[in-house]
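Asker: Model the following, please.
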Amino acid sequence: MTSDTLSPGQAPICQSCGATLTRTMVDLGLQPLANSYIPPERADAYEPVYPLHARVCDACLLVQVDAVAPPEDIFVDYAYFSSFSDSWLAHCKRYAEDMAARFALDAQSRVVEIASNDGYMLQYFVAMGVPVMGIEPAANVAATAIAKGVPTEVAFFGEATARRMVDSGWAADLLAAKNVLAHVPDINDFVAGVREMLKSEGVFTVEFPHLLNLIQQVQFDTIYHEHFTYLSLLAVRTIAERQGLRIFDVEKQPTHGGSLRVFMARPDSAHAVTPNVQAVLDEEIAAGLDRPDGYEGFDARVRAVREGLLGFLADAKDKGERVVAYGAAAKGNTLLNYCGATAADIAFVVDRNPAKQNRLLPGSHIPVRTVDALVEARPDHVLILPWNIKDEVIRQLPEVTGWGGDFVIAVPEIRVVTGAL
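Answerer: Below is the predicted model:
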């Protein structure tokens with residue numbers, strides 16, 4: 001899988017339909033790759049930054065960022081491991097149970113996951129005795145999955161990979177992709193691969209943060225270079241139909257600030273279309289996502305979030321109060337770098353993932369420590385960067401309110417929480 005990056009002065013082209021992109025949704029300036037955590041000994045080394053500019057295609061309404069770095073630079077040695085969020089694991093366990101029941105999956109079935117990460121989801125099918133195969137481009141993450149008994153092919157997914165997998169006996173009864181469609185620089189090749197992978201009655205489920213929520217709740221920090229696209233059902237339907245797939249159901253999910261789980265199959269399959277599909281399309285149309293001018297005004301709302309966080313940090317500094325952040329998440333890096341925050345504003349950030357600990361956040365160079373360091377420091381404020389798991393974080397750290405501290409969420413506006421939500 002390859003991606004063409006922009007040359008200076010080159011007009012960006014829609015990765016879905018090929019139209020020239022002329023409409024800005026939000027420009028977040030120059031930023032480093034959001035998951036490029038820095039070893040302390042390289043703190044003074046050159047750190048590349050790239051434009052982070054989200055645009056809307058006037059022709060097919062796909063929201064996308066400019067291609068500025070090849071996927072091989074982003075995903076081959078990856079610091080994100082899905083298994084460090086308890087709430088996400090619970091979500092995936094429910095998914096496995098629901099899909100096994102709905103589609104009668106058993107020991108003769110084939111379940112394949114694209115971007116299977118560390119085996120976080122397929123492990124639940126393994127426990128049920130359903131044969132699985134993961135497809136994961138990051139060799140370091142795939143090794144973790146294999147070690148826990150989840151067979152994994154190390155590869156980028158596309159039409160060629162799909163044909164190879166089918167030839168080796170892995171045509172899918174259920175093909176899953178959770179929060180990966182946005183990471184794909186060639187979305188047409190990816191969806192063409194999906195069609196190749198499915199058996200005649202096979203089902204593809206794809207989950208992605210819903211663009212409608214991103215806009216309405218100002219979730220701009222979910223925009224970063226490895227997320228090439230930001231998806232509405234309207235845009236996904238266009239892409240699916242172009243590649244010979246039919247959407248037959250949609251479910252709303254609470255994950256990642258509000259996601260869609262979309263069900264697709266071959267056009268001649270027996271899966272009946274549910275009323276959920278038109279209901280979500282109607283919501284998007286009512287919000288103006290069916291026309292280019294419906295995306296205007298977002299940039300100004302993003303600037304208001306920046307002003308709110310910078311005002312909070314300045315006020316805390318004036319009062320001599322200490323701020324520590326929770327969660328070295330990619331979305332946090334977008335937020336901090338857009339705001340220009342540094343270790344002078346936030347003492348350090350803590351994270352449960354050992355792959356991120358004892359490193360520096362890209363751009364801001366805020367140090368990453370263990371969660372124990374937060375408890376030892378007893379800060380006045382804990383800024384939760386992955387706001388989508390704020391309830392989970394607050395439950396995990398009851399000590400904070402015990403010493404008189406509070407929790408802060410910056411998106412969609414500054415909110416201070418002094419106890420359980």
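Asker: Tell me where the stretch 101-250 of the chain has strands.
Answerer: Counting by DSSP state E, counting those that start in this stretch, residue ranges of the strands within the stretch 101-250 of the chain are 111-114, 132-135, 152-153, 172-178, 198-209, 229-230, 246-253.
Asker: will you turn those strands into TSV that also has mean pLDDT and mean neighbour count?
Answerer: Where you see a C-beta, it was placed from the backbone N, CA and C, and this is true even at glycine. As requested, those are exported to TSV (pLDDT from 0 to 100; neighbours: other CB atoms under 10 Å):
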stretch	mean pLDDT	mean neighbour count
strand 111-114	98	28
strand 132-135	98	24
strand 152-153	97	22
strand 172-178	98	25
strand 198-209	97	21
strand 229-230	97	24
strand 246-253	98	18
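Asker: For the stretch 151-300 of the chain, which segments count as helices?
Answerer: Secondary structure of the stretch 151-300 of the chain (DSSP state H, counting those that start in this stretch): helices at 159-167, 187-197, 211-216, 233-242, 275-286, 298-318.
Asker: Indicate which one of those helices is closest to Ala177.
Answerer: helix 187-197 (7.8 Å; CB to CB).
Asker: what packs against that closest one?
Answerer: Under the contact criterion of 3 or more CB pairs under 8 Å, 6 or more residues apart in numbering; DSSP states H and E, helix 187-197 touches helix 159-167, strand 172-178, helix 233-242.
Asker: Please tell me how far Ala143 sits from Asn35.
Answerer: 18 Å (CB to CB, to the nearest Å).
Asker: more crowded one of the two?
Answerer: Set Ala143 next to Asn35 and count neighbours by other CB atoms under 10 Å: Asn35 wins out with 21 against 13.
Asker: Looks like the more buried one contacts His183 (just checking).
Answerer: No - checked against CB atoms under 8 Å, the pair Asn35 and His183 is beyond contact range at 10.9 Å.
Asker: Residues in contact with both of those two, list them for me.
Answerer: Residues touching both Asn35 and His183 by CB atoms under 8 Å, 6 or more residues apart in numbering: Glu226.
Asker: Asn388 contacts His256, correct?
Answerer: Yes - Asn388 is within contact range of His256, at 5.2 Å (criterion: CB under 8 Å).
Asker: Which pLDDT does the model give the residue nearest the centre of the chain?
Answerer: When CA atoms, centre = their mean is applied to the chain, the residue found nearest the centroid is Asn179 (5.2 Å). pLDDT, Asn179: 89.
Asker: And the helices of the stretch 151-300 of the chain: which comes nearest Ala96?
Answerer: Set against Ala96 and scored by CB to CB, those come closest in helix 187-197, at 18.4 Å.
Asker: And the closest one, how far out from the chain middle?
Answerer: Averaged C-alpha coordinates place helix 187-197 at 20 Å from its chain's average position (CA atoms, centre = their mean, to the nearest Å).
Asker: ok, and the closest non-adjacent residue to Ala377?
Answerer: Among residues not flanking Ala377 along the chain, Val324 sits closest, at 6.0 Å (CB to CB, 6 or more residues apart in numbering).
Asker: secondary structure element for the one you found?
Answerer: Element membership for Val324, per DSSP states H and E: strand 323-326.
Asker: What lies in contact with that strand?
Answerer: Here strand 323-326 has contacts from 313, 316, 332, 345-351, 366, 371, 374, 377, 379-386, 393, 397, 408, using CB under 8 Å, 6+ apart.
Asker: Parallel or antiparallel, list what pairs with that strand.
Answerer: With DSSP bridges as the test, strand 323-326 is paired with strand 349-350 (parallel), strand 381-384 (parallel).
Asker: right, so these: which one is the most enclosed?
Answerer: Comparing the strands paired with strand 323-326 by mean neighbour count (mean count of other CB atoms under 10 Å), strand 349-350 comes out on top with a mean of 26.
Asker: Which SSE is immediately downstream of it?
Answerer: Assigned by DSSP H and E, the successor of strand 349-350 is strand 368-369.
Asker: buried ones in the helix or strand following that next one?
Answerer: Per DSSP H and E, the first helix or strand lying C-terminal to strand 368-369 is helix 371-377. For helix 371-377, the neighbour count (16 or more other CB atoms under 10 Å) marks Val371, Ala373, Leu374 as buried.
Asker: again with stretch 33-46
Answerer: Using 16+ other CB under 10 Å as the test for burial, stretch 33-46 gives Leu33, Ala34, Asn35, Ser36, Tyr37, Ile38.
Asker: Also stretch 354-367?
Answerer: Ala355, Lys356, Gln357, Arg359, Leu360, Leu361, Pro362, Gly363, Ser364, Ile366, Pro367.
Asker: so how far is Lys331 from the last one?
Answerer: Put plainly, it is Pro367. 19 Å.
Asker: what's the answer for the second one, then?
Answerer: For Lys356, the distance to Lys331 equals 14 Å [CB to CB].
Asker: Check the fourth one too.
Answerer: When CB to CB is applied, the distance between Arg359 and Lys331 equals 17 Å.
Asker: do the same with Gln217
Answerer: Using CB to CB, Gln217 is found at 13 Å from Lys331.
Asker: Give me the more crowded residue out of these two.
Answerer: Between Gln217 and Lys331, Lys331 has the larger neighbour count (other CB under 10 Å), namely 23 against 16.
Asker: That one sits in which helix or strand?
Answerer: helix 330-339.
Asker: could you give the angle of that helix to helix 298-318?
Answerer: If you take axes from the mean of the first three to the mean of the last three CA atoms, to 10 degrees, helix 330-339 sits at 80 degrees to helix 298-318.
Asker: Show me the contact partners of helix 330-339.
Answerer: Applying CB under 8 Å, 6+ apart, the contact partners of helix 330-339 are 28-29, 31-32, 34-35, 52, 80, 220-224, 226, 302, 305-306, 309-310, 325, 346, 349, 361-364, 366, 385-388, 410-411.
Asker: Kindly report the same for stretch 50-58.
Answerer: Here stretch 50-58 makes contact (CB under 8 Å, 6+ apart) with 12, 14, 16-17, 19, 21-33, 62-66, 68-69, 223-225, 230, 292, 295, 334.
Asker: wait, doesn't His225 sit right on Val68?
Answerer: Yes - using CB under 8 Å, His225 makes contact with Val68 at a distance of 6.2 Å.
Asker: I'm done for today, thanks for sticking with me.
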